[in-house]
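**Student:** Have a look; sequence and predicted model below, questions after that.
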Amino acid sequence: GESVGLHLPTLSVQEGDNSIINCAYSNSASDYFIWYKQESGKGPQFIIDIRSNMDKRQGQRVTVLLNKTVKHLSLQIAATQPGDSAVYFCAETPSGYSTLTFGKGTMLLVSP
Amino acid sequence: ETGVTQSPTHLIKTRGQQVTLRCSSQSGHNTVSWYQQALGQGPQFIFQYYREEENGRGNFPPRFSGLQFPNYSSELNVNALELDDSALYLCANGLAGTDTQYFGPGTRLTVL
């Protein structure tokens, strides 16, 4: 079936670097996308979302970019901190369905 | 914090037994979705409840069932447990008509 996938299973960066986590999706009907952060032993934490009528959305230290042409999503984290170390998932859904489809996740490791 | 709580935190059962997991609802959120997250994987959608009725189901057998109560809290019941049911079970709250879902901390189920 259609699913969301991630290119890099593990990303290691130094504190202060900018991090980019990528995600490919295949369901052309999806028009709502969310990035979640999951720390060990905890549930996924909402970071930022974007709808398909937008190409870019910014939050605090995070930016999500959406390229609908190639079905690609990315999460940029500015000035990465050790507290950003976690597994990051992108999830997608067609509007109104609320059945999120997740990929496997990317582990972000931030070294001091 | 999302305001979504789940109980118990951890649970150990043996194959063939039945289990009930519980989820409280964040104030004002009237949909509840359940996800199964195997180790190292992204969450997989089990089903969603709205107005105390099932409102969408993923690829899970009928031995996975649920309830939603008038106060929007919810239960996930799994009968005839199998070893592969060992996973983190996540509850997510949302608001009907919107797509964002907020997750609880999960219940770690181990089936021996």
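**Tutor:** Thanks, I have the structure now.

**Student:** Just the closest residue of chain A to chain B, please.
**Tutor:** Relative to chain B, the nearest point of chain A is A:F102 (3.2 Å; C-beta to the nearest C-beta). Where you see a C-beta, it was placed from the backbone N, CA and C, and this is true even at glycine.

**Student:** Can you tell me the closest non-neighbouring residue to that residue?
**Tutor:** B:G42 (3.2 Å; C-beta to C-beta, 6 or more residues apart in numbering or on different chains).

**Student:** helix/strand/coil for that neighbour?
**Tutor:** Assigned with DSSP: H, G, I helix; E, B strand; the rest coil, B:G42 falls in the coil class.

**Student:** Quick one: neighbours of it, just the number.
**Tutor:** 24 (other C-beta atoms under 10 Å in any protein chain shown).

**Student:** State whether the residue of chain A closest to chain B and B:Q36 are indeed in contact, as I suppose.
**Tutor:** No: if you go by C-beta atoms under 8 Å, A:F102 and B:Q36 don't touch, sitting 11.0 Å apart.

**Student:** Please list all residues in contact with residue 85.
**Tutor:** Here I'm looking at chain A. A:39, A:108-110 (C-beta atoms under 8 Å, 6 or more residues apart in numbering or on different chains).

**Student:** wait, I meant chain B there
**Tutor:** B:36, B:78, B:109, B:111.

**Student:** ok, 10 Å please
**Tutor:** Residues counted as contacts of B:D85 (C-beta atoms under 10 Å, 6 or more residues apart in numbering or on different chains) are B:13, B:15, B:19, B:36, B:38, B:63-64, B:78, B:109-111.

**Student:** so B:A87 makes contact with B:Y35?
**Tutor:** Yes: here B:A87 reaches B:Y35: they are 9.3 Å apart, a contact under C-beta atoms under 10 Å.

**Student:** Need the residues touching each of these two.
**Tutor:** B:43-44, B:106.

**Student:** pLDDT score assigned to the residue lying closest to A:Y97 once chain neighbours are set aside?
**Tutor:** In this structure, A:Y97 finds its nearest non-sequential neighbour in B:G56, 6.8 Å apart by C-beta to C-beta, 6+ apart. The confidence metric pLDDT takes the value 90 at B:G56.

**Student:** was I right about B:G56 contacting B:V32?
**Tutor:** No: counting by C-beta under 10 Å, B:G56 sits too far from B:V32 to count as a contact (11.5 Å).

**Student:** out of these two, which sits in the more crowded spot?
**Tutor:** More crowded of B:G56 and B:V32, by other C-beta under 10 Å: B:V32, with 30 against 15.

**Student:** For that one, give the beta-bridge partners.
**Tutor:** Beta bridges link B:V32 to B:Y49, B:N93 when assigned by DSSP bridges.

**Student:** Now that it has come up, it's in contact with B:V4, right?
**Tutor:** Yes: counting by C-beta under 10 Å, B:V32 touches B:V4, with 8.8 Å between them.

**Student:** what's the overlap in contacts for these two?
**Tutor:** Counting by C-beta under 10 Å, 6+ apart, the residues touching both B:V32 and B:V4 are B:23-26, B:91-93, B:101, B:104.
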